[in-house]
Every structure is written in structure tokens, then in C-alpha cells.
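Enquirer: Output the structure for:
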Amino acid sequence: MKERTLSEQEIEYFLDGAEILGTGGGGGRMWANMMLQFLKEKDKEIKIVDPKDVPEDALIVGAAGVGGGVEKEIREKILKKFGRMPGMSDFMKTVYVAEKMMVGYTGEEISAFLAFELGCGNTILPAVVAALGDKPVVDGDCNGRAVPEIELCTLNIVGIPFTPIAIVTPWMETMMVKKVVDYARAEDICRAMAVISGGSCLIMSTPIRGKVLPNSIVLNTITKSIRLGKAIKEAKDKGKDPVEAAVKAIDAYLLFKGKVTHFEREERGGFMWGEHRYEGVDEFEGKKFRIWYKNENQISWLDDKPYVTCPDLLCVMDSKTGKGLSNWGADFAEGREVSVIGVKADKLWRTPKGLEIFNPKHFGFDIEYKPIEEFFK
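Expert: The predicted model follows:
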């Protein structure tokens, strides 16, 4: 395979870009940095391979962390049982176990790993898994953004089974799921394991051949993130507007500029739920904007009218620094100046099957999906 090693600068560019394209989630940057530090201590490098350069008979496997917020009672139960919540060292041990399980099940060595979604943590994870075995990670993912549920996956659109699934909890408990009814059921099983394990578990699944990659995933999203991060860095170095640079770099749309007036978050069922609200500034003075999220940003309203929604991307950036903001930390401090940019979803999500799977109604909202570009005609 024709592989390319990423430099430390390119990895930083990637993190800057993926922090934005992760739409408020996708695994935090701190988590990504901890995995990268682990990789550095092992003296390994991240290599990427273009999906179109993967041999047709090569075996590719997806890897991801599944999880999110859990109720206080569950945390207390974990603490009582194990005396602590799981840490990074626990998580990294699961990588070796899961790979061994998958190789044992398939009877074949894995040629490369694939990210199920685009984001700092959940793209760096398969990249690190691959690098530890001196293998590449595919330059692409199964969404072109981050998503809260397994069934929101381009492999689901094209009809590729999610099984077999190797699940490993931070406590080294293992489960090999050979068959599920559908992707929604796979989500339920993996999420349940994450919840009872304190909020997270590692999965490896969906072994596929290289020949199906180009038509089954969103292509070159690692390269896209690097391009975005580089554009923002160069703009800042020249004293230019990082948001404007981001919009140009990835053909995005500026949806809103404003200040944070409200942010709420609820941890429940292995997910983060909530919304953020803004009041407009500059050309958006006098207008209001709102985003609802389930782990990641899904639906927006402009002056209380439905606006851009999933599967198109809603990305919130700090207006001054260009930093992508996360729903998982304390990024949305009241008064912070932000810019919201929107990005067209990949063509796979624009198909009838794609929109049947991923749209506002999936989350219980009686809102029809309208392509982002139609708001700008």
C-alpha cells in the first residue's frame, strides 16, 4: 500500500481541523493528546493510506470508543465496585485485547484500521491502534463528521453488516457479538456495555475488504482536517480572520456570529444532551440562534425558525482564535464570541437511504431536512 507518514505539525493541524468538523463531539482533544503521548512513548508514527490505494483483498477493521455521560448513580456503583473510574492506561490496554479478538475471529491479519467518525479522539484512536502495529489508518471515515449513534454510519447506508463486534470494557471484560438484527440493535448493545462500565468501552468491528472502501465511506477526511487546521494557523499568523479562512478552506457557510447566552447539558443513558443559544453581533445584530445537540450538534434555529440540520454539519468556533468548541467541557462560557459555520454532508448522506437514516426526525423533531445550500440561494 502507498502510505504516508504524518509529521507532528500535520497531526496538530489535524487536531485543529477535526475539533471543528467533529461538530461538538468526536472525542476530546485532551483524550487524543493522551493517546498520542502513549504512541510517542512507544516510538511509533501515524501513517495514512488513501482509500483508493488500499489493495482490494486487504482486510480493514473499524475501531472506536463508545460512550458518553452516565447518571450519578452509575458512577457511584462503579466507584464502589472498582474503587475508581477507568483511566487512559485502562483504555489503551483494551486496544490489544480487541485486536487479538478480531484477528482470532477472522483468522486473518488486519491490514489497516478505519475511523467510524471524524473527530479528535475517535479518529486518533484507530490511527494510534494502527500505528502500534506498524499499520496505516485509512484517510477517511464513516461519517465525515462525528455522530452520537452507531447506526448513523455510511456503512449502514450501503448495507454492510456491522458485525462481528469485539467489545472490551476498561475492566478487560470482553464480548464478541457475531450477529445483530440491525445497526440500531448494535448501538443498543455497545451503548449498554459502555454505560455499565462507567461511560465507555472500546469496539472493533465491521471487517471489510479494500475494494468496497471508496464507495462506502467519506473519503480523505484526515487530509481535509489537516487542510482546515493549516488554513486557520496561517490566517492567524498573518493577522487575518481564522473563521473566514476556515469557510474558504472547506467550502463552508457562515451561519451566525454572536455571543453565548445559554448552555445546558444533561448526562443520561450514555449520551450528553442539551442546547446552546446565542445573540447576534455584527451583521447578525438583533438575531438569535440556537443549537440542539445529542453528543454532537444536530439541529439549529435562526430566530426560532428551523434552520440548518443534520446530516449537514453545524460547527461552532471561537471567533477570535478559530478553535472548535466542544459540548463536553466548559467551552461555552456565557459571553464568549463564537461563529457558527455549516458544511454540506457527504453525498452518501444526501441519498434517499442516507436521509432515511440520518435526519431531524430521527431525534424526535418534526422538522424536514433542507440542504444547507438552499438557505443561501
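Enquirer: For R227, give its distance to E173.
Expert: 40 Å (CB to CB, to the nearest Å). Backbone N, C-alpha and C define where each C-beta goes, glycine included.
Enquirer: I232 too?
Expert: Counting by CB to CB, the gap between I232 and E173 amounts to 41 Å.
Enquirer: Repeat that for V138.
Expert: 28 Å.
Enquirer: following the helix or strand bottoming out on mean pLDDT in the chain, which helix or strand shows up next?
Expert: Averaged element by element with mean pLDDT, DSSP states H and E, the chain has its least confident helix or strand at helix 72-82 (a mean of 79). Towards the C-terminus, the helix or strand next in line after helix 72-82, according to DSSP states H and E, is helix 88-106.
Enquirer: got the contact list for the helix or strand following that next one?
Expert: The helix or strand immediately downstream of helix 88-106 is strand 112-115, counting by DSSP H and E. By CB atoms under 8 Å, 6 or more residues apart in numbering, the list of residues contacting strand 112-115 from outside reads 1, 49, 54, 58, 60-64, 122-123, 125-127, 129-130, 135-138, 140-142, 206, 213, 217, 221.
Enquirer: gap between strand 112-115 and the chain center?
Expert: 14 Å (CA atoms, centre = their mean, to the nearest Å).
Enquirer: Just the element for the residue nearest to I110 when sequence neighbours are not counted, please.
Expert: The spatial neighbour of I110 that comes closest, neighbours along the chain excluded (CB to CB, 6 or more residues apart in numbering), is V61 at 4.9 Å. When elements are assigned from DSSP H and E, V61 belongs to strand 59-67.
Enquirer: Show me what that strand is packed against.
Expert: For strand 59-67, the elements it packs on are helix 88-106, strand 112-115, helix 120-132, helix 183-196, strand 200-209, judged by 3 or more CB pairs under 8 Å, 6 or more residues apart in numbering; DSSP states H and E.
Enquirer: Kindly reformat these as TSV containing mean pLDDT and distance to W301.
Expert: Conversion of those to TSV gives the following (pLDDT from 0 to 100; distance: least, CB to CB, whole Å):
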stretch	mean pLDDT	distance to W301
helix 88-106	89	37
strand 112-115	98	30
helix 120-132	96	27
helix 183-196	92	27
strand 200-209	94	31
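Enquirer: low-scoring pLDDT stretches of this structure, where are they?
Expert: Applying pLDDT under 70 to the predicted model, the residue ranges of the chain that meet it are 68-69.
Enquirer: Of all the strand elements in it, which one is longest?
Expert: Longest strand in the chain, counting residues (DSSP state E): strand 253-268.
Enquirer: so after that one, what's the next helix or strand?
Expert: Scanning the chain past strand 253-268 towards its C-terminal end, the next helix or strand to appear is strand 271-280 (assignment: DSSP H and E).
Enquirer: Cheers, nothing more for now.
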